[in-house]
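Trainee: sequence and predicted structure below; questions after.
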Amino acid sequence: MRQNLLEIKDLHVMYRTDDDQIYALNGVNLKVELGKTLGLVGETGAGKTTTALSIMRLLPDRVGFIQRGEIYLAGQNLLKLSEGEMRLLRGNEISMIFQDPMTSLNPIHTVGKQIAEVLELHNPELKKGMIEAKVDELMEMVGIPADRKGEYPHQFSGGMKQRIVIAMALACNPKLLLADEPTTALDVTIQAQVLKMMNKLKEKLKTSMILITHDLGVVAQICDAVAIMYAGEIIEMGTVEDIFNNQQHHPYTVALFGSIPDMTQKTDRLNPIAGLMPDPASLPPGCRFAERCPHCLEICRTTSPRVVSKQSHQIKCHLFTGAEGLRDQDQKTRI
Amino acid sequence: MDVPLIQTKNLKKYFNNKTGSLHAVDGVNISINEGETLGVVGESGCGKSTLGRVVLRLLEPTDGEVLFAGESILSYNRKKMKDMRKQMQIIFQDPFASLNPRMTLSEIIAEPIKVCKVLTKKKDILERVFELMKTVGLAERFVNTYPHELDGGRRQRIGVARALALNPQFIVCDEPVSALDVSIQAQILNLMMDLQDSLGLTYMFISHDLSVVKHISAHIAVMYLGQCVEMAATDQLFENPSHPYTRALLDAIPIPSLKHRKEINVIQGEVTSPINPKPGCRFAPRCPQVSSDCLLPGLSLQEIEPDHFVACTLYQEQER
């Protein structure tokens, strides 16, 4: 058995506003192995970013609450730590790359200073010269000439800004990197550059990574494991092979794959998923996907399905809770 | 041969600013046949949206011609142009920013009808609004809602309904699905293709997502820094991408299948500045097959096989 760097158990997160209580995460269970990349996939509002913010303990004050659950990083329960202890972890052991590189850099400081800030905060013993040297090294590592460290964010292009954000995130060699849609705001050619670089750095630094994305193409290219989220739950999880090559899937996964235009073959019509994600303020009792599911059974509307697993592959769906469970891969039966 | 519905001839749009002249669209020749879709792809900043706007004359071109059904629309005066606008509409990228938050759905859809005075009676207008809502698949109960109450997919449907309000022949779709989730994206793409079949619409579909463009277009034009570098029928372009930039662009798309998992191919460098560009091929600084010929001026689109045009020195040599 491999060692899990991060383990999330039964995490429930709620946002409380004046009008509503929004159930953003409803029992998320997640594992990230050492040195591996987990792709967290789902539509807008599925709870992907909330999961990442919970790990960082950066949920908005007075609005977002972790109701119950446990988050273990290398055996340590993050939810039991004090704010001060958490501050030491952030940026050092866990760091996060935010979605939009244009807004996550401070426009009035030079990029060199912003990278140095992370280092100064976590290594107070380092001398100024050493920090400068480390900043140069980090910038070279992400492919930006170090003599540009005196420039401001607006002088860089989108792809370069994203690389600076990545340099900041990797400054203290974190064990876990949370990348929240790191390439969504970038062009495909620049996306390819950034993905290639992240892959290379991951191998070099042995960092584990959670890659949040809605692009299944990106997942296929760089992830080792995949978790698919829907309405605050993980409805299917497994290795990339489980998700992309296996024949049995959660109906939502099937629908998600069906709705992307296929580059490799010609189709006349796409198959969108009918309906919308349920309102997280008033979730349906049974399976959250029941309303939109083409295989919906009587039981789906009343009872929440349990997780069925076969080796590394887990599916949360009533179609597989019967006596048969998940079939062996070689039987190739389509649901 | 039939006259194409939309044709541009050596179309140019330069923006002058302090540092020089920004060549947003630089000598683009495209043509779109009636009832067909031309996909325009390229990276951000390559002039796709500017091209869309110049074709609609929302921006005045610096030079060149735009022909609608064989007639140059650039010589039209204000009044004639306003009539013309009923024939050509636009769907914008961001359904969150392109709808007035203080107008209800029915007011938004009715606006073009009122502006162009197509219908005057309140009852007729409302009837038309309901008809349009039905066409784009919005339930009647939404008629008095505001945009913020609806999700992205429904909002983009309003954008489509507004564009259809005047029964146009030609619609410029400026990244209509890039702000939407994949499942919603599929709904809108299906809707647009259904409308094309039933109403005989002609689209110019601007996107940076090649898989979407491939799905919806009959022809594709690839743009790089204001110039069209390759234009071909969709199947031809994907089977035989000829310009090095097109190949790099196709290579960079992550494909959601493990069969295609491979070393990620990247083109080095980034898009160079479109301000006062040097003569010669604009892709030359990033091109893996660059030669000294690439820096010479006078590069133009060459037909390398029927209906497949490429602007690259690699193919011009074959001609000679």
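Mentor: Sure thing, it's come through.
Trainee: past the helix or strand of chain A with the lowest mean pLDDT, which element shows up next along the chain?
Mentor: Least confident helix or strand, chain A: helix A:188-205 with a mean of 83, by mean pLDDT, DSSP states H and E. Next helix or strand after helix A:188-205 toward the C-terminus (DSSP states H and E): strand A:208-213.
Trainee: does chain B have contacts with that next one?
Mentor: No - under the criterion of C-beta under 8 Å from any C-beta of the partner chain, chain B is not reached by strand A:208-213; the shortest gap measures 9.7 Å. The C-beta positions use only the backbone N, C-alpha and C, and glycine is treated the same way.
Trainee: just checking, next helix/strand downstream of that strand?
Mentor: helix A:216-222.
Trainee: other residues contacting that following helix?
Mentor: A:37, A:39, A:41, A:183, A:191, A:195, A:198-199, A:211, A:213, A:226, A:240, A:243-244, A:256-257, A:260, B:182, B:253-258, B:260-261, B:264 (C-beta atoms under 8 Å, 6 or more residues apart in numbering or on different chains).
Trainee: where are the low-confidence patches of the stretch 1-150 of chain A?
Mentor: A:1-2 (pLDDT under 70).
Trainee: just checking, what packs against the least confident helix or strand of chain A?
Mentor: helix A:158-170, helix A:216-222, helix B:244-252 (3 or more C-beta pairs under 8 Å, 6 or more residues apart in numbering or on different chains; DSSP states H and E).
Trainee: show me which residues of that helix are buried.
Mentor: A:188-199, A:201-202 (16 or more other C-beta atoms under 10 Å in any protein chain shown).
Trainee: which one of the helices and strands packed on helix A:188-205 has the most crowded surroundings?
Mentor: helix A:158-170 (a mean of 24; mean count of other C-beta atoms under 10 Å in any protein chain shown).
Trainee: what's next to that helix, contact-wise?
Mentor: A:91, A:95-98, A:101-102, A:104-105, A:111, A:114-115, A:118, A:138-139, A:141-144, A:153, A:156, A:177, A:179, A:182-183, A:185-187, A:190, A:193-194, A:197-198, A:201, A:205, A:207, B:44, B:270.
Trainee: quick one, it and helix A:188-205 angle?
Mentor: Interaxial angle, helix A:158-170 versus helix A:188-205 (axes from the mean of the first three to the mean of the last three C-alpha atoms, to 10 degrees): 20 degrees.
Trainee: among the contacts of helix A:216-222, which ones are in strands?
Mentor: A:37, A:39, A:41, A:211, A:213, A:226 (DSSP state E).
Trainee: quick one: residues contacting residue B:153.
Mentor: A:276, B:180-181, B:184, B:187-188.
Trainee: go on, residue A:206?
Mentor: So residue A:206 contacts A:34-35 (C-beta under 8 Å, 6+ apart).
Trainee: follow-up on the earlier one: which one of the contacts of residue B:153 sits closest to residue A:26?
Mentor: residue A:276 (17.6 Å; C-beta to C-beta).
Trainee: strands - which of the contacts of helix A:158-170 land there?
Mentor: A:95-97, A:177, A:179.
Trainee: so the residue nearest to residue A:41 when sequence neighbours are not counted, which of the three states?
Mentor: Counting by C-beta to C-beta, 6 or more residues apart in numbering or on different chains, residue A:41 lies nearest to residue A:228, which is 5.0 Å off, once chain neighbours are set aside. With DSSP: H, G, I helix; E, B strand; the rest coil as the basis, residue A:228 sits in strand.
Trainee: ok, which stretches of the stretch 201-320 of chain B are helices?
Mentor: For the stretch 201-320 of chain B, applying DSSP state H, counting those that start in this stretch gives helices covering B:210-216, B:234-239, B:244-252, B:313-319.
Trainee: rounded mean pLDDT for the first one, please.
Mentor: The predicted model gives helix B:210-216 an average pLDDT of 89.
Trainee: which secondary structure elements does that helix contact?
Mentor: strand B:37-41, helix B:182-199, strand B:202-207, helix B:234-239.
Trainee: can I get the helices of the stretch 201-320 of chain B in a markdown table including distance to residue B:129?
Mentor: Formatted as a markdown table, the helices of the stretch 201-320 of chain B follow (distance: least, C-beta to C-beta, whole Å):
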| stretch | distance to residue B:129 |
| --- | --- |
| helix B:210-216 | 27 |
| helix B:234-239 | 35 |
| helix B:244-252 | 41 |
| helix B:313-319 | 51 |
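Trainee: those: which one's closest to residue A:149?
Mentor: Nearest to residue A:149, of the helices of the stretch 201-320 of chain B and by C-beta to C-beta, is helix B:244-252 at 28.2 Å.
Trainee: nearest residue to the middle of chain A?
Mentor: residue A:212 (3.0 Å; C-alpha atoms, centre = their mean).
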